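Student: Structure here, sequence nowhere to be found:
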């Protein structure tokens, strides 16, 4: 009899923070296509979350969406308690939720600065701590999303850029500390990617034009471009990549 082909993530459980749209949804969709059950958080739009639920369920995934502020430690803890209660374990953590006040550094209030770091950076540490206790058979994957602002000075991006740099640095430490447990930690640095979040950036049309003209492949990224690399880092074939930041920008950073 022919052998039954199993999908790479068959019956594995993946948690994506900020998974109702953009890069997060693209990652969730690809993981679901390859057999994973999906848990994702969202903050504002219940309609977007419901649309994502329907899409992922059609792919055969068991789907659980949770409204949660990833800048709130108590809410993060409740998310992981829910994962434990509903699934008993976790295989993949995608740290994707991000926000920030877009201002020059010297104009940021203490509250704005702290809020940006809490949501973007501090939540990774807590999520990694909680997920490491749930990683099935101590064989898990943690992948975070970063951006060029971690290394370059982008207009009004100081708080987010510092947080993204922190994500990359923290991920290296987590990679070393969690590797003995069989947990693999990496980062994908996404270049300019076509998402709704871009519209919040001042003069975003000018930025998009610049990115298109300066990117060797002649376009900006799509969420699927980033999702493909994130999902590769979740596969067993990537186990020899440890604590790295993979740049995914169509070659933009080679020329700018």
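Tutor: Structure received. It should be emphasised that the depicted structure is a prediction, and the values quoted were computed from it without experimental measurement.
Student: Compute the number of surrounding residues for residue 242.
Tutor: Neighbour count for residue 242, taken as other CB atoms under 10 Å: 14. No exception for glycine: its C-beta is placed from N, CA and C like everyone else's.
Student: Which helix or strand contains it?
Tutor: Assigned by DSSP states H and E, residue 242 falls within no helix or strand.
Student: Can you verify my assumption that it contacts residue 180?
Tutor: No. Judged on CB atoms under 8 Å, residue 242 makes no contact with residue 180 at a distance of 11.3 Å.
Student: need the helix or strand of this structure with the lowest average pLDDT.
Tutor: Lowest mean confidence among the helices and strands of the chain (mean pLDDT, DSSP states H and E): helix 204-214, at a mean of 79.
Student: contacts for that helix?
Tutor: 191, 192, 198, 201, 218, 219, 220, 252, 255, 256 (CB atoms under 8 Å, 6 or more residues apart in numbering).
Student: What of stretch 226-237?
Tutor: 8-9, 14, 23, 26-27, 29-31, 34, 92, 94, 141, 143, 145, 184, 186, 188, 190, 193, 238, 241, 246, 248.
Student: Which ones among the residues you listed map onto helices?
Tutor: Judged by DSSP state H, helices contain the following of these: 23, 26, 27, 29, 30, 31.
Student: show me the contacts for the residue positioned nearest the centre of the chain.
Tutor: In the chain, the C-alpha nearest the mean C-alpha coordinate belongs to residue 96, at 2.5 Å (CA atoms, centre = their mean). By CB under 8 Å, 6+ apart, the residues touching residue 96 are 16, 17, 18, 19, 23, 24, 27, 144, 145.
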